[in-house]
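[1] Predicted model and sequence below, questions to follow.
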Amino acid sequence: MHRAGIYLSFGGIVTFPKALELQEAARTAPADRILVETDAPYLAPVPRRGKRNEPAFVVETARKLAGLRGETLETIAAATTANFRRVASLQY
């Protein structure tokens with residue numbers, strides 16, 4: 001993945017119980033290539049599913065990602081923040 005310059009962004013769907021293939025991708029993706037997103041106003045993460053999604057709920061997605069990877073929420077927050085900053089600074 002690194003050679004292609006690909007980043008993987010995970011939204012609320014990764015928290016859904018039946019999203020097993022997506023959860024496996026989240027579990028195995030390189031830490032320096034993951035991002036989280038809100039999908040707002042749709043696809044609210046569990047436990048907010050069925051409600052209008054909002055950016056504040058991204059913490060639920062990050063929490064699920066941390067659990068899948070056996071990491072802390074703080075570790076995921078630091079990694080995804082660093083990755084976002086790297087992506088945002090890319091020049092085309």
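    That came through fine.
[2] in which helix or strand would I find the residue lying closest to E54 once chain neighbours are set aside?
    Nearest non-adjacent residue to E54, counting by Cβ to Cβ, 6 or more residues apart in numbering: A40, 5.4 Å away. Glycine gets a C-beta too; all of them are placed from N, C-alpha and C. A40 belongs to no helix or strand when assigned by DSSP states H and E.
[3] What residues does A40 make contact with?
    Residues near A40 by Cβ atoms under 8 Å, 6 or more residues apart in numbering: N53, E54, P55, F57.
[4] how about the nearest residue to the first one, chain neighbours excluded?
    The shortest distance from N53 to any residue other than its chain neighbours is 3.9 Å, reached at A44 (Cβ to Cβ, 6+ apart).
[5] Could you measure from the one you found over to S89?
    Using Cβ to Cβ, to the nearest Å, A44 is found at 30 Å from S89.
[6] Of those two, which one has the most company?
    A44 (22 against 7; other Cβ atoms under 10 Å).
[7] Torsion angles phi and psi at the spatially most central residue of the chain?
    Nearest to the geometric centre of the chain sits V36, at 2.9 Å (Cα atoms, centre = their mean). In terms of degrees, to the nearest 10, the main-chain angles of V36 are phi -120, psi 150.
[8] hey, C-alpha coordinates of the lengthiest helix in the chain in PDB?
    The residue-count maximum for a helix in the chain (DSSP state H) belongs to helix 73-88. What follows is helix 73-88, C-alpha atoms only, in PDB (Å, rounded to 0.1, in the frame of the first residue of the first chain):
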ATOM      1  CA  LEU A  73      -8.200   5.600  21.600                       C
ATOM      2  CA  GLU A  74      -5.300   8.000  22.200                       C
ATOM      3  CA  THR A  75      -3.000   6.000  19.900                       C
ATOM      4  CA  ILE A  76      -5.600   6.000  17.100                       C
ATOM      5  CA  ALA A  77      -6.300   9.700  17.600                       C
ATOM      6  CA  ALA A  78      -2.500  10.500  17.300                       C
ATOM      7  CA  ALA A  79      -2.000   8.300  14.300                       C
ATOM      8  CA  THR A  80      -5.100   9.500  12.400                       C
ATOM      9  CA  THR A  81      -4.300  13.200  13.200                       C
ATOM     10  CA  ALA A  82      -0.700  12.800  11.900                       C
ATOM     11  CA  ASN A  83      -2.000  11.000   8.800                       C
ATOM     12  CA  PHE A  84      -4.500  13.800   8.100                       C
ATOM     13  CA  ARG A  85      -1.900  16.400   8.500                       C
ATOM     14  CA  ARG A  86       0.300  14.500   6.100                       C
ATOM     15  CA  VAL A  87      -2.500  14.200   3.500                       C
ATOM     16  CA  ALA A  88      -3.500  17.800   3.900                       C
END
